[in-house]
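*Asks:* any chance you could fold what I've pasted below:
(one chain, ligands or ions: 3)
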Amino acid sequence: MSPSIHPLIDNGVTKGDPNFPGGTLQCRCPSNQVVVALKSNIAHNHACGCSKCWKPAGALFSIVGVIPRDNLSVEANASKLKVVDPSAVIQRNACGDCGVHMFGRIEQAHPFHGLDFVHAELSPQKGWQEPQFAGFVSSIIEQGYNPEGMDAVRAKFQVNGLNTYDALSPPLMDLIATFTAKKAGVKFANL
Ligand SMILES: N[C@@H](CCC(=O)N[C@@H](CS)C(=O)NCC(=O)O)C(=O)O
Ligand SMILES: [Zn+2]
Ligand SMILES: [Zn+2]
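*Replies:* Ligands and ions are numbered 1, 2, ... in the order given. Below is the predicted model:
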């Protein structure tokens, strides 16, 4: 049997609507839900195998994308939000009651500053950008996944058209390296 990765991967990836205008995210409380409005689609949506990103019960991976922070606003029950780990780069704002992460925000100088991290599966609307790749794949071993099962995990992403990486995708790694180089005053050579 192939490993269960996340419902959005296990059941086959459904393409998003390229003209999707955005929507809302809701926490999983039965009442007084935290509601977050997103004024655009998300980008760089991906499966993340790290231990810090929120995932639904039983999933091996989180599915997480980014949106400009100016396009995100908390519409209801903001007082329930708590930062999971104040020492982390990404300040993950979770509902203190049901535990789902409503958005992650970077406050320090960082290549991804200005982008918030969100989980589109918390939205009742359909059409969000589909997952584009899998990142931090090897990190699931740190959470107890048997290393012998890793080929099957990577194969399952590949059959669904998603490349797998042990950090982030090449465009995002290039963005991080460009930020680091510029900060250090590196001059890029001509091609
Ligand atoms: N192997 C580590 C990787 C953690 C990690 O570096 N996560 C990435 C992907 S979300 C990151 O950018 N983390 C920044 C943060 O969590 O603040 C783990 O699984 O905890
Ligand atoms: Zn909640
Ligand atoms: Zn992560």
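*Asks:* biggest helix in this structure, by residue count?
*Replies:* When the chain is parsed with DSSP state H, its longest helix is helix 170-183.
*Asks:* rounded mean pLDDT for it, please.
*Replies:* Helix 170-183 shows a mean pLDDT of 97 in the predicted model.
*Asks:* is any part of stretch 130-138 close to ligand 1?
*Replies:* Yes - Stretch 130-138 reaches ligand 1 (Cβ under 6 Å from any ligand atom) through residue 136. The way it works is simple: take the backbone N, C-alpha and C, and place the C-beta from them, glycine included.
*Asks:* what residues sit buried inside that stretch?
*Replies:* When neighbours are counted by 16 or more other Cβ atoms under 10 Å, the buried residues of stretch 130-138 are found to be 130, 131, 132, 133, 134, 135, 136, 137, 138.
*Asks:* give the buried residues for stretch 180-187.
*Replies:* Going through stretch 180-187 with 16+ other Cβ under 10 Å, nothing comes out buried.
*Asks:* count the residues that sit near residue 36.
*Replies:* Neighbours of residue 36 under the rule other Cβ atoms under 10 Å: 26.
*Asks:* for the most centrally placed residue in the chain, give the beta-bridge partners.
*Replies:* Nearest to the mean C-alpha position of the chain, by Cα atoms, centre = their mean, lies residue 64 at 1.7 Å. Beta-bridge partners of residue 64, counted by DSSP bridges, are residue 46.
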